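Visitor: With the sequence up front, the predicted model follows.
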Amino acid sequence: MIIQLKSNITADQKNQLCEALMLDKYNITEVKTQAENYLVCIGKKEIDIRTIGNRAGVKDVHIVSDSYKLVSKKWKVSNTAIDLGDGVSIGGNGISIMAGPCSVESEEQMQKIVEHLVKNNIRIMRGGVFKPRSSPYAFRGAGVEGLKMMHSLCAPRGIKIITEVMQVSQIEEMMPYVDIFQVGARNSQNFNLLDSLGEIDKPVLIKRGISGTIEELLHSAEYVFSKGNEKLLLCERGIRTFETAYRNTFDINAIQVLKEKSHLPVIADPSHGVGIRNYVAKLALASIISGADGVIYEVHEKPEEALSDGQQTLNFFESDQLVSKIKRLVLSGVCG
């Protein structure tokens, strides 16, 4: 059960409500977010929610059978939209495009990509500065200095930044330069990191784990929400299976299921989903038709020279074509 509290509830009213719930053997967790104040109540006894809803200080009451309660669509029927400011939002009726390199490499590289994004009216740049690599000898990112450089180029052009955070100690230093924190597949169940991201007032995109289930992804989001951060996005990026013909098995089914189970925006990552450049654009379009609220993909002027993931990265011409097709899809009204 989720109880939404009114903003003007008194301490006495809240105490009386909690005492009544505890008498009915409910365990209570208070969750205060950027938008609302909730009581998440877990118990086995059936209760007439009208007796709760009529109490002073109670805004609304919802019965949610899912173990992931706050991110469930069973209590919040309207889909969440996230406002990044400057006319940039994710969720709702539009399709969001996030594009950029796998890794921030140099100022010259980033300047060219910024110009490409501006040309296509792409308002969110992705770019890794801390890279979790399978090999310890591979390029592992330009660090915070790379992020600062990225921000100095993007901010004047009204472009928002999404980048991956890998550990709790990085959050504070990254805060001034990041608009969306990304939790990568390898960290999707790093609960200390998720807890800490729940305590900040910036959006968080959580990627599905390498072999993670949909329910595990929703529980990861629940960790962040339960610590106070409602600004969440779910990302389908493919899972590891027995198939070796491509990098991951891109689970397009997951987009529909996540949209049905959760009110949070769903973003598709076809670059990591398939790992082969020739297939990325088609999977991006298929994701949008399937109901994704946006796509995040990798782009580089010369993918063959990229320091990481060049095999799954679109060049500027391919990216131009994809954006044009996405716009036509949106105009045709077939999305979702």
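Guide: Structure's in. What do you need?

Visitor: okay, CA-based contacts and neighbour counts for the rest of this
Guide: Will do.

Visitor: is Val266 in a bridge, and if so with what?
Guide: Leu234 (DSSP bridges).

Visitor: ok, now which ones touch it?
Guide: 233-236, 255, 258-259, 292-294 (Cα atoms under 8 Å, 6 or more residues apart in numbering).

Visitor: do Ala286 as well
Guide: Taking Cα under 8 Å, 6+ apart as the test, what Ala286 contacts is Ile252.

Visitor: pLDDT score assigned to it?
Guide: Ala286 carries a pLDDT value of 96.

Visitor: just the strands in this protein please.
Guide: 2-5, 27-32, 37-42, 58-62, 82-85, 88-90, 96-100, 124-126, 160-164, 180-183, 204-207, 232-236, 266-268, 294-298 (DSSP state E).

Visitor: Run through who's touching the one helix or strand in the chain whose mean pLDDT sits lowest.
Guide: Using mean pLDDT, DSSP states H and E, helix 49-53 stands out as the lowest-scoring helix or strand of the chain, at a mean of 91. Helix 49-53 is contacted by residues 17, 58-62 when judged by Cα under 8 Å, 6+ apart.

Visitor: May I see the buried residues of the lengthiest helix in the chain?
Guide: In the chain, assigned by DSSP state H, the helix with the most residues is helix 316-332. Residues of helix 316-332 classed as buried: 316, 318-319, 322-323, 325-326, 329-330 (neighbour count, 16 or more other Cα atoms under 10 Å).

Visitor: Rebuild the residues you listed as a markdown table, extending it with distance to Val178 and pLDDT.
Guide: As requested, the buried residues of helix 316-332 are arranged in a markdown table below (distance: Cα to Cα, whole Å; pLDDT from 0 to 100):
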| residue | distance to Val178 | pLDDT |
| --- | --- | --- |
| Phe316 | 24 | 98 |
| Glu318 | 27 | 98 |
| Ser319 | 23 | 98 |
| Leu322 | 26 | 98 |
| Val323 | 24 | 98 |
| Lys325 | 29 | 96 |
| Ile326 | 26 | 96 |
| Leu329 | 30 | 92 |
| Val330 | 28 | 90 |
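
Visitor: from these, which single one is nearest Ile42?
Guide: Nearest to Ile42 out of these is Val330 (Cα to Cα; 41.5 Å).

Visitor: my guess is that closest one contacts Ile95, does it?
Guide: Yes: counting by Cα atoms under 8 Å, Val330 does reach Ile95; the two are 7.5 Å apart.

Visitor: Using neighbour counts, trim the contacts of helix 49-53 to the buried set.
Guide: Looks like the contacts of helix 49-53 have 17, 58-62 buried, using 16+ other Cα under 10 Å.

Visitor: Output the longest helix of the chain in PDB with nothing but the alpha carbons.
Guide: Output in PDB follows, covering the C-alpha atoms of helix 316-332 (Å, rounded to 0.1, in the frame of the first residue of the first chain):
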ATOM      1  CA  PHE A 316      27.500  11.400 -38.900                       C
ATOM      2  CA  PHE A 317      25.800  10.500 -42.200                       C
ATOM      3  CA  GLU A 318      24.200   7.400 -40.600                       C
ATOM      4  CA  SER A 319      23.100   9.500 -37.600                       C
ATOM      5  CA  ASP A 320      21.600  12.200 -39.900                       C
ATOM      6  CA  GLN A 321      19.600   9.500 -41.700                       C
ATOM      7  CA  LEU A 322      18.400   7.900 -38.400                       C
ATOM      8  CA  VAL A 323      17.200  11.300 -37.000                       C
ATOM      9  CA  SER A 324      15.400  12.000 -40.200                       C
ATOM     10  CA  LYS A 325      13.600   8.700 -40.000                       C
ATOM     11  CA  ILE A 326      12.700   9.100 -36.400                       C
ATOM     12  CA  LYS A 327      11.200  12.500 -37.200                       C
ATOM     13  CA  ARG A 328       9.100  11.000 -40.000                       C
ATOM     14  CA  LEU A 329       7.900   8.200 -37.600                       C
ATOM     15  CA  VAL A 330       6.800  10.800 -35.000                       C
ATOM     16  CA  LEU A 331       5.000  12.800 -37.600                       C
ATOM     17  CA  SER A 332       3.200   9.700 -38.900                       C
END
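
Visitor: returning to that earlier point: and the contacts of Val266, which two are furthest apart?
Guide: Of all the pairs that the contacts of Val266 form, the one spanning the most space (Cα to Cα) is Leu258 and Gly294, at 13.5 Å.

Visitor: Which parts of the stretch 201-336 of the chain are helices?
Guide: For the stretch 201-336 of the chain, applying DSSP state H, counting those that start in this stretch gives helices covering 214-226, 252-261, 270-274, 277-289, 316-332.

Visitor: quick one, the longest one and strand 96-100 angle?
Guide: In other words, helix 316-332. Relative orientation of helix 316-332 and strand 96-100, computed by axes from the mean of the first three to the mean of the last three Cα atoms, to 10 degrees: 180 degrees.

Visitor: Low-confidence bits of the stretch 201-336 of the chain, can you list those?
Guide: Counting by pLDDT under 70, the stretch 201-336 of the chain has low-confidence residues at 336.
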